[in-house]
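Visitor: Predicted model, plus sequence, below.
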Amino acid sequence: MHFHAFGLYLGLLFISINAEFMDDGVEVEDLSENAEESDANEGEHPSGIIKYKTPQPVGEVYFVETFDSGKLTGWVLSKAKKDDMDSEISIYDGRWELEELKDNQVPGDRGLVMKSKAKHHAISAVLAKPFVFADKPLIVQYEVNFQDGIDCGGAYIKLLADTGDLILENFYDKTSYTIMFGPDKCGEDYKLHFIFRHKHPKTGVFEEKHAKPPDVDLKEFFTDRKTHLYTLVVNPDDTFEILIDQTVVNKGSLLEDVVPPINPPREIDDPNDKKPEEWDDRAKIPDPSAVKPEDWDENEPAQIEDFSATKPNGWLDDEPKFIPNPNAIKPDDWNEDLDGEWEAPRMLNPACQIGCGEWKPPMIDNPKYKGIWRPPMVNNPDYQGIWSPQKIPNPDYFEDDHPFLLTSFTALGLELWSMTPDIYFDNFIICSEKEVADRWATDGWRFKIMVAKANEPGVFQQLLEATRERPWLWLIYLVAAGLPVVLITSFCWPRKGKKKYEVTEYKKTDICKPQTKGALEQEVKEEKPVLEKPVDSEEEKKRRDGEVPEKEEEGEPEEKSEEEMEIVEGQEEGNKSNKSGSEDEMKEADESTGSGDGPVKSVRKRRVRKD
């Protein structure tokens, strides 16, 4: 058990340390690969550090923006006002700035930052050429960083529809758009919008279609204060994909995975059909044959006084329950003309240990209470079910098998409001080739990620930082550091118990050795209170008696060396020829043990036969 715990601890420790080194290795590897792949765009700094260079699109694009020039060339601030709002808060007076990231700055890289709090922001720019939905995918990609977190606000974009009368200075919340895409949050509701406006082919009315929500937890992308890459891909086969940091978080079909659905139902409820007056949709009715019992008293109260209760001893009827606090002092700034006559605050009367005031017996449930009588409910024999209007063919029914053919758009706009400032936008691109968008992400967003990883503290630094807000973590660190010491000590420290066992076993072997006549006589001498001379060693006694100790019983064989085995075998051969002499010898030994100064236990020698 201890070994498994020790192995688990060492494994976790190895993984945590190895992960730190692996992260460092990945950063170095990514930097080298990026330097090789982007040699044409990114050169190297004389000091050996890769230098950031503004991404350049490779392939056909409809719109790109990096903001690295430090100028909002082509972008137009809105001068419109929101409808149905107070004039003071309806204007789009939120401030925009071009700034570097607050954390993990990349020299030379800038982004568009929404600076104002609790204000309306609106800014837009025209595409290099309109995007027409035909036979090419639509790919929209950009970066967002909630630098101060987000309480309530959005960071989505709108692709403004090509209506022929679009004026960017008049851009506001009701300006026609084709697609709205991006993150949005209010309260604990984290969203990633994909909304497109679909035109009804019969009525000409535009309806908003919302993609199903992602199946992943989006909270981390709003709270970690890192730069995240949002990508929308809409394909000509009427499918879509939504990616965060180049990982798919949502996908589906424009025909099946949007609400409300593209195609309306074939039949609808008849708006002219009305429920008949005689229609009975009551499943249960009061039993008409039930009669209230004669002894049913509806006047009995629900609770009555407990007449069996008696007033406790020590109850003070004349004492008030609350009295003025005698220790209270009128404030020095009390003005009786303005504040009135001062009265000390009231407190519980300390004399009311048992109770004070008029005593009343407690209330209990009235056993005679029945309440208002109502007849029991029974099944309605005239029940006709829940009424619903009849169905008629939907006059507005249509089938759109190819909803990808949306209204073309000519501009990109940000029309936002937020309770948290400093929302960072960067590296917008609209194109039709995934390879172009991926290369754009490699030159821009991935560079930021590598810089952020390089600036991340190591594992031990993160552990120290965590203790600033949670000092109790030091206790956990101490236990984690002391655990391996305890385990190693318990495994590696020499055990005294084993030595004791070995010594005990050795002594037991000595005790079990057969004793000769001389040995028994010597033991009798050792029991005397005073020894006349030192006791000879056991080996000298054996040599003197000319006998070899043997095992007492076959059940406990003693290990012997080769020389001892040869001696035993020689003795056994001699025993076969001198069997009678051996028996006389043992008899004489038995008789001799009976003599001596004290009682000595008789011991009979046995020969061990070799198997």
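Guide: Right, received. Where do you want to start? Fair warning: this is a prediction, and the values are worked out from it, not measured in the lab. Numbers count the residues shown, from 1 in each chain.

Visitor: Shouldn't residue 181 be within a strand?
Guide: Yes. Going by DSSP: H, G, I helix; E, B strand; the rest coil, the assignment for residue 181 places it inside a strand.

Visitor: SS state for the residue lying closest to it once chain neighbours are set aside?
Guide: Sequence neighbours aside, residue 232 is the residue nearest to residue 181 in space, at 4.8 Å (criterion: CB to CB, 6 or more residues apart in numbering). Where you see a C-beta, it was placed from the backbone N, CA and C, and this is true even at glycine. At residue 232 the chain is in strand, as set by three-state DSSP.

Visitor: out of everything not next to it in sequence, what's closest to residue 290?
Guide: Spatially, and ignoring its direct neighbours in sequence, residue 290 is nearest to residue 375 (3.8 Å; CB to CB, 6+ apart).

Visitor: shouldn't the one you found be in contact with residue 287?
Guide: Yes. The pair residue 375 / residue 287 is scored as a contact, 4.8 Å apart, by CB atoms under 8 Å.

Visitor: Tell me which helix or strand residue 57 sits in.
Guide: Taking DSSP states H and E as the criterion, no element holds residue 57; it sits outside all helices and strands.

Visitor: Could you do residue 338 as well?
Guide: When elements are defined using DSSP H and E, residue 338 is found to belong to helix 336-339.

Visitor: continuing past that helix, what's the next helix or strand?
Guide: strand 346-348.

Visitor: Quickly run through the sheet partners of that next one, with directions.
Guide: Strand pairing for strand 346-348, determined by DSSP bridges: strand 322-324 (antiparallel).

Visitor: What residues of the partner strand count as buried?
Guide: When burial is assessed from 16 or more other CB atoms under 10 Å, strand 322-324 yields the following buried residues: residue 323.

Visitor: contact partners of it?
Guide: Where contact means CB atoms under 8 Å, 6 or more residues apart in numbering, the residues beyond strand 322-324 that reach it are 343-349.

Visitor: thinking residue 443 is in contact with residue 56, fair?
Guide: Yes. Here residue 443 reaches residue 56: they are 7.4 Å apart, a contact under CB under 8 Å.

Visitor: Helix, strand or coil: sort out the residue nearest to residue 290 for me.
Guide: When states are read from three-state DSSP, the local structure at residue 375 comes out as coil.

Visitor: What is the strand or helix carrying residue 485 packed up against?
Guide: Assigned by DSSP H and E, residue 485 belongs to helix 473-492. If you count contacts as 3 or more CB pairs under 8 Å, 6 or more residues apart in numbering; DSSP states H and E, helix 473-492 packs onto helix 2-37, helix 459-469.

Visitor: low pLDDT regions in the stretch 251-400 of the chain?
Guide: Of all residues in the stretch 251-400 of the chain, none has pLDDT under 70.

Visitor: typo on my end, it should be the chain
Guide: Per-residue confidence for the chain (pLDDT under 70) gives these ranges: 1-50, 87, 457-466, 468-469, 493-611.

Visitor: so where do the helices sit in it?
Guide: Under the criterion DSSP state H, helices of the chain are mapped to 2-37, 87-90, 219-223, 336-339, 434-443, 445-455, 459-469, 473-492, 496-511, 517-526, 538-545, 562-577, 579-592.

Visitor: Pull out the buried positions in the fifth one.
Guide: Buried positions in helix 434-443, judged by neighbour count with 16+ other CB under 10 Å: 436-437, 439-443.

Visitor: CSV please, covering these and showing distance to residue 325.
Guide: Putting the buried residues of helix 434-443 into CSV (distance: CB to CB, whole Å) gives the following:
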residue, distance to residue 325
436, 81
437, 76
439, 80
440, 76
441, 72
442, 76
443, 76
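
Visitor: picking up where we left off before, ok, how many other residues are close to the residue nearest to residue 290?
Guide: Taking other CB atoms under 10 Å as the neighbour definition, residue 375 ends up with a count of 13.

Visitor: And the residue nearest to residue 181, how close does it get to residue 418?
Guide: The span separating residue 232 from residue 418 equals 21 Å under the rule CB to CB, to the nearest Å.

Visitor: And residue 108, by the same measure?
Guide: From residue 108 over to residue 418 (counting by CB to CB), the distance is 27 Å.

Visitor: Which one's more surrounded, those two?
Guide: Neighbour tally, residue 108 and residue 418, criterion other CB under 10 Å: the higher count belongs to residue 418, 26 against 11.

Visitor: Contacts only, for the closest residue to the more buried one other than its chain neighbours.
Guide: Ranked by CB to CB, 6+ apart and with sequence neighbours excluded, the top spatial neighbour of residue 418 is residue 153, at 2.6 Å. Residue 153 sits next to 184-186, 416-420, 423 when contact means CB under 8 Å, 6+ apart.

Visitor: one more time with 10 Å
Guide: Taking CB atoms under 10 Å, 6 or more residues apart in numbering as the criterion, residue 153 is in contact with 114, 117-118, 121, 146, 183-186, 416-421, 423.

Visitor: Right, I'll call it a day here.
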